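Chemist: I would like to see how this sequence folds:
(chains A, B, C and D)
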Protein chains: 2
Amino acid sequence: MQVPYETDISTFVERLVAHELPGGRGLEAWSSLLRAHATLLRQLETDLERETGLALADFDVLAQLANGGGELRMTELADRALISRSGMTRRVARLVIEGLVRRSSSGTDARGVVVALTDAGVARLSETAPVHARGVAKLFVARLDDKELAALRSALDKVTLDCSFG
Amino acid sequence: MQVPYETDISTFVERLVAHELPGGRGLEAWSSLLRAHATLLRQLETDLERETGLALADFDVLAQLANGGGELRMTELADRALISRSGMTRRVARLVIEGLVRRSSSGTDARGVVVALTDAGVARLSETAPVHARGVAKLFVARLDDKELAALRSALDKVTLDCSFG
DNA sequence: CCCGTATACTTGCGACTGCAAATACCTTGC
DNA sequence: GCAAGGTATTTGCAGTCGCAAGTATACGGG
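Modeler: Just a heads-up that it's a prediction; the model follows:
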């Protein structure tokens, strides 16, 4: 491709992008989404780990199981936690070793595995959920009013895809 | 912690969380943020890789460099790309091997490294930027009107932290 | 009843990540 | 002009990830 060296690279790329996104429309919002997500998750992760010793990824599995009534299938769990099935296989394996979760085979489908919270898992979740909730409250919810939260949710749901992992 | 087995686990955890987030306020918005981010990035990543052979992470480095006028220091690059400095060291190393980027020492600070786009890097960015922009346009911008984009940006900027990596 | 295909999950693999420690250089105070 | 402490970057390491392929089970048509 012919590159016009006489102009600034930044404005050159801007022109290329403008063909798809006139005036760079929506680009600041997109970039804000990336930044907010990255910085918030980073902070929540380190806070939770420091205060409770539990990794956010592991907390998420426990929380999803609780939301699911205490037990879920592997695929369902992976979908809810937004990671791949193979990733969930290993996460669950780690949690089983820690005794926070139990695996049993599904009664109706011998291919299936049901993952359930153990008593220790429920206890661990009980300790950690308030800490994480406090983090989300302080860093996210407290900085926004009801209107902003509703707008955020509405807009984000419009751009959410329903693709799963392999 | 004493766990009331007689009640549902889901409502039990809900009660624990309600102490920090009355009524679970903002929790749907938070979950929407996580879902939107995960699904969008997954799709954009696979689309870009399939159509251009470039990983989104590598594209991001090239784009940040272009935005920075063609060259940036490692730390600045890592901050903009929202990853750790050590991660950026390795990404840049890969891009140097591919010939898309060049490393040179800063004139004024012998500790510093300046990363710059090569001609090949500019060319690669020119091929890939429209593809990525089209993806962002189709999956994100097109689904929202100007008001929603502005609200999204405003709300997300309010919750963005300014922490860096180690 | 059995074959072909679809689904549920796991494993081999290669690649990427961040943290902490190490290295190299700058800067300030004295 | 040099020691002490700060900054920029890289490397050792251990952990995690997703993809593709593999295993095991379910199911539908002949």
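Chemist: rest of the way, CA atoms for contacts and neighbours
Modeler: Noted.
Chemist: mind listing what residue A:142 touches?
Modeler: The contact partners of residue A:142, taken as CA atoms under 8 Å, 6 or more residues apart in numbering or on different chains, number zero.
Chemist: longest helix in chain A, please.
Modeler: As assigned by DSSP state H, the longest helix anywhere in chain A is helix A:27-52.
Chemist: go through the helix or strand that that one is followed by and flag the buried ones.
Modeler: Where DSSP states H and E defines the elements, the next helix or strand beyond helix A:27-52 is helix A:56-67. For helix A:56-67, the neighbour count (16 or more other CA atoms under 10 Å in any protein chain shown) marks A:56, A:58-67 as buried.
Chemist: can you map out the strands along chain A?
Modeler: Shown for chain A, the strands assigned by DSSP state E span residues A:71-73, A:101-105, A:113-117.
Chemist: packing partners for the last one?
Modeler: What that stands for is strand A:113-117. helix A:56-67, strand A:71-73, helix A:74-81, strand A:101-105 (3 or more CA pairs under 8 Å, 6 or more residues apart in numbering or on different chains; DSSP states H and E).
Chemist: kindly recompute the last result at 6 Å.
Modeler: On a contact count with 3 or more CA pairs under 6 Å, 6 or more residues apart in numbering or on different chains; DSSP states H and E, strand A:113-117 meets strand A:71-73, strand A:101-105.
Chemist: just to revisit the earlier point, let me have the buried residues of helix A:56-67 in TSV, extended by distance to residue A:151 and pLDDT.
Modeler: Output for the buried residues of helix A:56-67, formatted as TSV (distance: CA to CA, whole Å; pLDDT from 0 to 100):
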residue	distance to residue A:151	pLDDT
A:56	26	98
A:58	30	98
A:59	27	98
A:60	25	98
A:61	28	98
A:62	29	98
A:63	25	98
A:64	25	98
A:65	28	98
A:66	27	97
A:67	24	95
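Chemist: so which of the residues you listed are also by chain B?
Modeler: A:66-67 (CA under 6 Å from any CA of the partner chain).
Chemist: considering only the buried residues of helix A:56-67, which also neighbour DNA strand C?
Modeler: Among these, no residue is within reach of DNA strand C (CA under 7 Å from any atom of the strand).
Chemist: circling back to that earlier point, which of the helices and strands packed on strand A:113-117 is buried the deepest?
Modeler: Neighbour counts (mean count of other CA atoms under 10 Å in any protein chain shown) averaged over each of those peak at strand A:71-73, with a mean of 20.
Chemist: can it be found next to DNA strand C?
Modeler: Yes. Using CA under 7 Å from any atom of the strand, strand A:71-73 reaches DNA strand C at residue A:73.
Chemist: adjacent strands (with direction) for that strand?
Modeler: strand A:113-117 (antiparallel) (DSSP bridges).
Chemist: got the angle for the strand it pairs with vs helix A:74-81?
Modeler: 50 degrees (axes from the mean of the first three to the mean of the last three CA atoms, to 10 degrees).
Chemist: how many neighbours does residue A:76 have?
Modeler: 15 (other CA atoms under 10 Å in any protein chain shown).
Chemist: just the pLDDT at it, thanks.
Modeler: pLDDT, residue A:76: 97.
Chemist: about what we covered before: which one of the strands of chain A lies closest to DNA strand D?
Modeler: With distances scored as CA to the nearest atom of the strand, the stretch of those nearest to DNA strand D is strand A:101-105 (9.8 Å).
Chemist: could you export the closest one as PDB, CA atoms only?
Modeler: Taking C-alpha atoms only, strand A:101-105 is exported to PDB below (Å, rounded to 0.1, in the frame of the first residue of the first chain):
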ATOM      1  CA  VAL A 101     -16.100 -27.700  44.800                       C
ATOM      2  CA  ARG A 102     -17.100 -31.300  44.000                       C
ATOM      3  CA  ARG A 103     -17.500 -33.100  40.700                       C
ATOM      4  CA  SER A 104     -20.100 -35.800  40.100                       C
ATOM      5  CA  SER A 105     -21.500 -37.400  37.000                       C
END
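Chemist: show me what that strand is packed against.
Modeler: strand A:113-117.
Chemist: what's the average pLDDT for the strand it packs on?
Modeler: Rounded mean pLDDT across strand A:113-117 is 97.
Chemist: which residues touch that strand?
Modeler: For strand A:113-117, contacts defined as CA atoms under 6 Å, 6 or more residues apart in numbering or on different chains pick out A:70-73, A:101-106.
Chemist: so it, near DNA strand C or not?
Modeler: Yes. Strand A:113-117 lies within reach of DNA strand C by CA under 7 Å from any atom of the strand, at A:113-114.
Chemist: got the strands of chain A as CSV, with distance to residue B:116 columns?
Modeler: Below are the strands of chain A laid out as CSV (distance: least, CA to CA, whole Å):
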stretch, distance to residue B:116
strand A:71-73, 48
strand A:101-105, 49
strand A:113-117, 49
